[in-house]
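Novice: Below: sequence and its predicted model.
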Amino acid sequence: MCMTNPDPTYREHDLVLVTGPSGAGRSTALNALEDLGYEVIDNLPLSLIPRLLEGSAPKAPLALGVDTRNREFSAYALVDLITQLRGDTRVQPEVLYLDCSADVLLRRFSETRRRHPMAPAESPGEGVARELDLLVPVRAQADTLIDTSELTLHDLRAEMARWFGRESGPRLAVSVHSFSYKRGMPRGVDMVFDCRFLRNPYWDPDLRSLNGLSAAVAEYVSQDERFDSFFDKVLDLTELLLPAYIDEGKSHFSIAFGCTGGQHRSVTMAEKLTNALAEKGWRVSKRHRELERRAQSAKTPTGNSA
């Protein structure tokens, strides 16, 4: 793997141009940049890129995917554009070229049985050779060159985070949910814990109308002799898994706690885990599904559907 930049520390860039031969991992790189906070636009015609930069400064840096499928693509036109951008004081461009050996590119096209865009009616090998030859002048303009020949998708995402990550600390976004089993489990969560074995405040008349955001309810639930052990094991498991999912290239991980009504026990656990993870430096958000539904119902005028 070849890196042209001598220093792997992050440098602020307004614009990253992502290019390279088909099959080298451009889509994976763009997805990784999007997860890192970049605004990603793929295959914008070359003539429109300068116009894109004429507007007000974007809230996030831009990552633009450019390849030979572009209807206006010309290697020398792209080189001219790169030269123009480097002379523009409004931006700090970075050219990322994803390289790959011809034999690996050919194998990737053979495995997917896709036609090569440079040789739709010919063999993939002819398309690979034609495209690599076409991109020689573009490759010479690269500020950062990553050879993906021996990289997995996860390896490439890790390299993108290493070179273009914009924040220190964990980049994984964690969300913690509470829910009611009576209404079904929330969709898309990665890990679910059942809290129905814990003491249920519903059976205490003074606590029934409250929820897990209340200190009284949280104290009642935490007095269960199994609570501390349960929470500690959940926290230990979470701290074990989150770094592993970062290594796996995951950008978001969701954890859900369920109980009968989604009001007391699950909310208490979700609140406690959210606070513990935040204290340890994780970027974490929370959602209490049933409490949100109750709040929305309370706002809905009588007789109208929610």
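Specialist: Right, received. Where do you want to start? Numbers count the residues shown, from 1 in each chain.
Novice: Could you say which helix or strand holds the closest residue to residue 235 other than its chain neighbours?
Specialist: Leaving aside its chain neighbours, residue 235 sits nearest to residue 276 (5.6 Å; criterion: Cβ to Cβ, 6 or more residues apart in numbering). In this view, the C-beta of every residue, glycine as well, is placed from N, C-alpha and C. Here residue 276 sits within helix 265-279, counting by DSSP states H and E.
Novice: same question for that helix, mean pLDDT?
Specialist: Across helix 265-279, the average pLDDT comes to 94.
Novice: Just checking: what are the partner strands of the helix or strand following that helix?
Specialist: The C-terminal neighbour of helix 265-279 among helices and strands, as given by DSSP H and E, is strand 283-288. Looking at strand 283-288 with DSSP bridges, its partner strands are strand 173-180 (parallel).
Novice: In the chain, mark out all the strands, start to finish.
Specialist: In the chain, the strands defined using DSSP state E lie at 15-19, 39-42, 62-65, 93-99, 144-147, 173-180, 191-194, 252-259, 283-288.
Novice: related to what we said a few turns ago, show me the contact partners of the helix holding residue 276.
Specialist: Contacts to helix 265-279, defined as Cβ atoms under 8 Å, 6 or more residues apart in numbering, come from residues 174, 176-180, 193, 195-196, 198-201, 211-213, 217-218, 221-222, 231, 234-235, 238, 255-259, 284-286, 288, 291.
Novice: Buried residues, that helix. List them.
Specialist: Residues 265-274, 276-277 are the ones in helix 265-279 that count as buried (16 or more other Cβ atoms under 10 Å).
Novice: could you give the angle of it to strand 173-180?
Specialist: 170 degrees (axes from the mean of the first three to the mean of the last three Cα atoms, to 10 degrees).
Novice: just how off-centre is helix 265-279 within its chain?
Specialist: 23 Å (Cα atoms, centre = their mean, to the nearest Å).
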